[in-house]
Every structure is written in structure tokens, then in C-alpha cells.
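Asks: return a 3D structure for these sequence lines:
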Amino acid sequence: MPTSFYQAIPEIIEHIRIDEPSSILDVGVGFGKYGVLLREVFDIPFERYEKKSWQLQIDGIEGFAGYRNPLHEYVYNQVIYGNLESVIDQMGDYDTILLIDVLEHFEKPEGLEIIQKLLAHANKSLIISTPLYPEPQGDYLGNTLETHKSRWNLIDFLSFDFTYKQLNIGENGALLFKILPPEKTKIPADPPTKKKLKIAYVLPHLNLTGGLKMLLHQMEQLRKRGHQIYAVYKGDPGTRAVPNWYPIEVDGEIIVPPNESYVRHIEHCDIIVTGWYQQIPELLDLNEKTFYWEQGHNWLFGDYPNLYEAQWIRQEMKNLYQTAIRMASVSSTVSTILKARYQKETEIIPNGVDTKFYFPLTEEPKEDVLTILLVGNPFLRFKGFDVALKALRHVRDLGYQFKVKWVCQHHPDIGYVPFPIEYVIHPSQEELRNHYQMAHIFLFTSIYEGFGMPPLEAMSCGIPVITTRCGGVNEYAGSDNSLQIEPGDHLAASQAIITLLESSERRNELREKGRETALKFSFDRVIEKMERFMYEIDNQNEVKREQGRI
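Replies: Here you go, the predicted structure:
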């Protein structure tokens, strides 16, 4: 029985302890170490030293009877030996189910079916651990079940409600997922009407982020379609309601004093868009007019600062996401999460790109050494820049020449790299476009994304894209218009880079396909979906007004 990463044990035990379980099912018992450790946590500290006095029920499933040993008999209440898919149907329900270093032994379709089956028996959670990089492994002591067949990523779990943590262990690591049993509901929609709307965008901040940039793009495009647009921001007198880094004209800037409610300042508007879920409580009095367009964020993906903060963050999110305020999703990835976690049925309204602003040069820039472009905040771990740098180092070690340009909000602290690198800090939107246009390859290595705008902007500028299959990018990126890799796979990223460094023909092919894709996501096309969604809300409110309900 090849061993698991012992470094992950404390984190796994802590996840179990927080459940305060009265029953546990250990799937893939192996040697039996988790049975021993769980007795140490839940029974032994309370002076329940003898088996007859133990209160925690710990059952196990083991697919290979050859692993049977005295620990199984003593520590566990029972261990069932046999095929997991059939044995699980014999088992009852458990507060917590463990699937520790088991999932990588199944192909992904089969693994997902197993997760669904186990969740049907879980009262509180299903805890999964799987290697970041499963080592090549065949059978062991005659046990063919030990063969490694798959590598899992956060993106594979987006149809479930979960928390997530990556534990880095040397050059490898463990991925931990705590999945909660799902519930389902459905919300009907009404048909839209037509009129010009007064729309208030309640902005959460004025910093340069992709999420705020998309809200500003929407405001701009809706105003072009004849709607009145108001920018709303909480701040002191003299503060502007729009950022200085994005030139935008609105019909009004509304500054709400920090100690006042939004309500009286924006109740004259037909539609109110909240830019961040934590603004929802202040807008509940206007919930008929208000909606939240979820673009995705690290907490929504189950990626929390730490185990203890996760508890109150999750509770706050549950309270706010399950309010009466309507929601829309930027992608099917985000929609899946909201449905799995909060039982929210949401319409998908994708991001758009300004294909007139982000346009390609007539041909690829002529340079002896090609430029690889990175775009994003170096201090956001989920952006995966550690993987990008690891891949670039590997390509350089193989003797390839290239230079790197990194457009970011803050100067990275990465130490020495064996290739030329230029940092572009906080450029204007025009400068950002120029950097896209002058690059030869765009590299995007996020672990997860709600949508992921930079690859689409790069495609619009005619730059060949290498991207991870990180969820949201699947709305527009595929094998025909980009080179795709699994999140965290620096070797696959290296090979993709080499492919494009060596082949101008392949780069030109992706330049053309990428631009074609961007045109399908031009603002002229996608803004109609947002407009229609707003009409649906206003039409429902009009009916309620006629009935005297609001």
C-alpha cells in the first residue's frame, strides 16, 4: 500500500474535527492510520480507552482484502472488503466520509460517479485528498487498484459545493476538497419588455481589477444603447464615483456618505446592479429592482484564507447568496457553483470584449527573440504564476531563447530568472492593448477563473493563447483556438510554449482562430443578453406595480 503524504494529515484531521461527527466512513482504509488517528482525536482524550466505551462509529471500505490487518479489526467498528461501487450501496449514512488518496486510482468519469454516490450517504461532508502530481504507479503486492489513472484539479469539482486547499510538499503536494451534500430548487423567469431604463451601478471599489473593468464596460455599452447610467459609490464629499484609470461618461455620479443608506439616493432608478455580494444587505429594501452579476471570486471557488475563517465566510456567503435578490452568472462554471452551493438558478450572461479597441496588427511583430506575455496580479495565488515561471524556466533550460513581459498591478518578487523579463506596472488601457498586440505568445496559467478576460483580450488582439482548462475560459477557449493544458501542469505548459516558439504556422493559425472567437464575444453581441435580463426584472416589477404589490 503506497503511502500518502503524511504532511496533509493535520489539515485533514482538522477538517474532520470541525464536522463534530458521530459517524465516519473511511473509503480505502489501506493500513488503517486514519482509524487510529480518529480514535486519538474523538475517543482517547475523553478517557474512553477500551473499544467497548468508544462513542465514534468508524466504518471502512477496502477494495483489496490483502491489506487486512489487526488494526482493521480493533480500531474500526467494521471494514467491508469489496468493490467500492457495489459495497457503498450496502452502507448507511455517515456524518463524514473520507476519500483519502483514492480518487486518482479511477478515470475521471468513474471518479465523478463515485463522488455522487458517496455524497448520497454523507450528512455533513465528503473529504477528498489527491496528489497534485500523481507519480506513475502500477499494481502493488498484486493489487491492481493501486494503479494511478487520473490527475484532478479544482475545476473538476465545480459542480459541487466545496472548500479547497493546496498543500505544497516539496516539488509535489496534496489537494484537499471538503464537499457538502447538495440541494436543488428552480426559479422561473418572465418575458422581457422594451423601454429605456434608469440603471444604477453600485461600485464596490475604484481599484484596477478585472471585475470592476467589466462593470464599467457594461455601463458604457448600455449607455450607448440609450439607457441612463448612474455610477454609485460610498465616499466622502469630493470623491468621484468612477475610477480615474478608465475614461467613462455616465449620466450621473452619486456619492453616498459612508454612514448613509443607498436607498434614498437610488430608489428613483429602475434597475440596480450591485458590484459585490457583501453590498447585498444594504440593498435588500430595493430587492425588486436589484440584481447581482456574479463574476466569480476565490471564496466562491472554495478557496479560503484558512480553515477557521472559512467557517464564517461560508456562513456569510450562504446568508447573502440565498436572499431574494436576483443573480446572474458570468459563465456556466459560475452558474454551476451557485446552483450546487446555494440552489440559485442563474441566467448566464458572459463577459464581452471591445473588438474595436482590442484589434490585431496586420501581421505578427518581426523580432529575432519572441515575447511571451503574462497579465495579472502576481500576489493572487490562484492565478498560477508560479506554474508559468516554472514552465518558462524549464523551456529556457532546454536551450530556447525568448523574453517575457509581465503586465501587473504590483511588482512581483520572484528573484532571479534565467531569461529577460520586463515588468509593466499599472499601464493605461491603451498601453495594455499595445502590449497584447506586440506579444508573440500569451500564457495564462490560472487554477480557476469565473470567466478569465485576459485570454479573450489576447485573442481579440490576434495573439496565440496558451491557457489552462480553468473553468470560465471554457466559455470561449477550446482546442481549435488555443493550446490548452491542465491547471498546475508546468510540463504541459512548457511543451505548449515550445510548440509555438518553433512554429510560426501554428501561431498564425491560432491568431486567426482567436480573433474569430473574440468577434463572437464582441460587446455588440453579448450586451443584448444583459439588457434583456434587465428588461425581465423591470417587466416583473411593472406587473407588481399594476397589482399594487410594490
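
Asks: now stretch 277-286, how far from the centre of its chain.
Replies: Relative to the centre of its chain, stretch 277-286 is centred 24 Å away, using CA atoms, centre = their mean, to the nearest Å.

Asks: scratch that, stretch 442-451 is what I was asking about
Replies: That offset, for stretch 442-451, works out to 9 Å (CA atoms, centre = their mean).

Asks: stretch 16-33 now?
Replies: Relative to its parent chain, stretch 16-33 has a centroid offset of 28 Å by CA atoms, centre = their mean.

Asks: for this structure, what's the longest helix?
Replies: Ranked by number of residues, the top helix in the chain under DSSP state H is helix 523-546.

Asks: tell me which other helices or strands that one touches.
Replies: Using 3 or more CB pairs under 8 Å, 6 or more residues apart in numbering; DSSP states H and E, the elements in contact with helix 523-546 are helix 210-224, strand 271-274, strand 290-294, strand 326-329. In this view, the C-beta of every residue, glycine as well, is placed from N, C-alpha and C.

Asks: reformat those as JSON lines; add distance to Val407, mean neighbour count and mean pLDDT.
Replies: Putting these into JSON lines (distance: least, CB to CB, whole Å; neighbours: other CB atoms under 10 Å; pLDDT from 0 to 100) gives the following:
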{"stretch": "helix 210-224", "distance to Val407": "12", "mean neighbour count": "20", "mean pLDDT": "94"}
{"stretch": "strand 271-274", "distance to Val407": "28", "mean neighbour count": "24", "mean pLDDT": "96"}
{"stretch": "strand 290-294", "distance to Val407": "25", "mean neighbour count": "24", "mean pLDDT": "96"}
{"stretch": "strand 326-329", "distance to Val407": "27", "mean neighbour count": "23", "mean pLDDT": "95"}
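
Asks: that older thread, pull out the buried residues from the longest helix of the chain.
Replies: 523, 526-527, 530-531, 533-541 (16 or more other CB atoms under 10 Å).

Asks: for stretch 248-257, same thing?
Replies: Under the neighbour-count criterion of 16+ other CB under 10 Å, stretch 248-257 has 250, 254-256 buried.

Asks: cool, stretch 339-350 as well?
Replies: Neighbour-count burial for stretch 339-350 [16+ other CB under 10 Å]: 339-344, 346-350.

Asks: wait, Met474 touches Pro350, no?
Replies: Quick fix: residue 474 is Asn, not Met. No. Under the criterion of CB atoms under 8 Å, Asn474 is not in contact with Pro350, lying 11.2 Å apart.

Asks: quick check: neighbours shared by those two?
Replies: Jointly contacting Asn474 and Pro350 under the rule CB atoms under 8 Å, 6 or more residues apart in numbering are Ser331.

Asks: tell me how far the lowest-mean-pLDDT helix or strand in the chain is from the chain's mean position?
Replies: Least confident helix or strand of the chain, by mean pLDDT, DSSP states H and E, is helix 84-87 with a mean of 80. The chain centre lies 31 Å from the centre of helix 84-87; the measure is CA atoms, centre = their mean.

Asks: what ranges do the helices span in the stretch 351-500 of the chain?
Replies: For the stretch 351-500 of the chain, applying DSSP state H, counting those that start in this stretch gives helices covering 385-397, 429-438, 453-460, 490-502.

Asks: state the mean pLDDT of the second one.
Replies: Throughout helix 429-438, pLDDT has a mean value of 95.

Asks: and the strands in the stretch 51-200 of the chain, which stretches?
Replies: Along the stretch 51-200 of the chain, the segments classed as strands by DSSP state E, counting those that start in this stretch run 57-62, 78-81, 94-100, 122-131, 161-169, 172-180, 198-202.

Asks: quick check, nearest of the buried residues of stretch 248-257 to Ile229?
Replies: Nearest to Ile229 among the buried residues of stretch 248-257 is Val250, at 4.9 Å by CB to CB.

Asks: so who does Thr290 touch?
Replies: Thr290 makes contact with 271-274, 280, 283, 325-326, according to CB under 8 Å, 6+ apart.

Asks: picking that back up, now, among the buried residues of helix 523-546, which is nearest to Gln401?
Replies: Phe523 (38.1 Å).

Asks: pretty sure the closest one sits against Asn351.
Replies: No. Applying CB under 8 Å, one finds Phe523 not in contact with Asn351, separated by 9.3 Å.

Asks: which neighbours do those two have in common?
Replies: Common neighbours of Phe523 and Asn351 (CB under 8 Å, 6+ apart) are His217.

Asks: and Pro192, what pLDDT?
Replies: Note on Pro192: pLDDT of 48.

Asks: and if you look at Gln547?
Replies: Gln547 is assigned a predicted lDDT (pLDDT) of 70.

Asks: per-domain residue ranges of this protein.
Replies: With domains defined by automatic domain parsing, the chain comprises 6-180, 198-352+525-546, 371-521.

Asks: most tightly surrounded among the ones you listed?
Replies: Among the domains of the chain, the stretch with the highest mean neighbour count (mean count of other CB atoms under 10 Å) is domain 371-521, at a mean of 19.

Asks: just give me how far that one sits from the chain centre.
Replies: 18 Å.

Asks: do stretch 157-168 as well
Replies: Distance, centroid of stretch 157-168 to centroid of chain: 9 Å (CA atoms, centre = their mean).

Asks: hmm, who's touching that stretch?
Replies: Residues contacting stretch 157-168 (CB under 8 Å, 6+ apart): 5, 7-8, 11, 115, 119, 132, 154, 173-180, 182, 301-304, 307, 310, 314, 333, 336-337, 340-341, 447-448, 471.

Asks: how does it look with 7 Å?
Replies: Residues from elsewhere that reach stretch 157-168, judged by CB atoms under 7 Å, 6 or more residues apart in numbering: 7-8, 11, 132, 154, 173-180, 182, 301-304, 310, 333, 336-337, 340-341, 471.

Asks: what's the answer for stretch 218-234, then?
Replies: For stretch 218-234, contacts defined as CB under 7 Å, 6+ apart pick out 196-203, 239, 241-242, 248, 250-256, 258, 262, 265-266, 269, 523, 527, 530-531.

Asks: of the domains of the chain, which is nearest Phe359?
Replies: Ranking the domains of the chain by proximity to Phe359 (CB to CB) places domain 371-521 first, at 6.7 Å.

Asks: report the rounded mean pLDDT for stretch 390-400.
Replies: 97.

Asks: what do you get for stretch 334-353?
Replies: The average pLDDT within stretch 334-353 is 94.

Asks: starting at the chain centroid, how far to it?
Replies: 12 Å.

Asks: report the backbone C-alpha coordinates of it in CSV.
Replies: Below are the C-alpha coordinates for stretch 334-353, written out as CSV (Å, rounded to 0.1, in the frame of the first residue of the first chain):
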residue,chain,number,x,y,z
VAL,A,334,-20.1,30.1,-12.0
SER,A,335,-23.7,29.1,-12.6
THR,A,336,-22.9,25.5,-11.7
ILE,A,337,-21.3,26.7,-8.4
LEU,A,338,-24.3,28.9,-7.5
LYS,A,339,-26.7,26.0,-8.2
ALA,A,340,-24.7,23.4,-6.3
ARG,A,341,-23.9,25.6,-3.3
TYR,A,342,-26.9,27.9,-2.9
GLN,A,343,-29.6,26.4,-5.0
LYS,A,344,-29.6,29.5,-7.2
GLU,A,345,-30.8,29.1,-10.8
THR,A,346,-29.0,31.9,-12.6
GLU,A,347,-29.0,33.0,-16.2
ILE,A,348,-25.6,33.1,-17.9
ILE,A,349,-24.5,36.5,-19.1
PRO,A,350,-20.9,36.3,-20.4
ASN,A,351,-18.3,39.0,-20.5
GLY,A,352,-17.7,40.7,-23.7
VAL,A,353,-14.7,42.2,-25.3
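
Asks: perfect, I'm done here.
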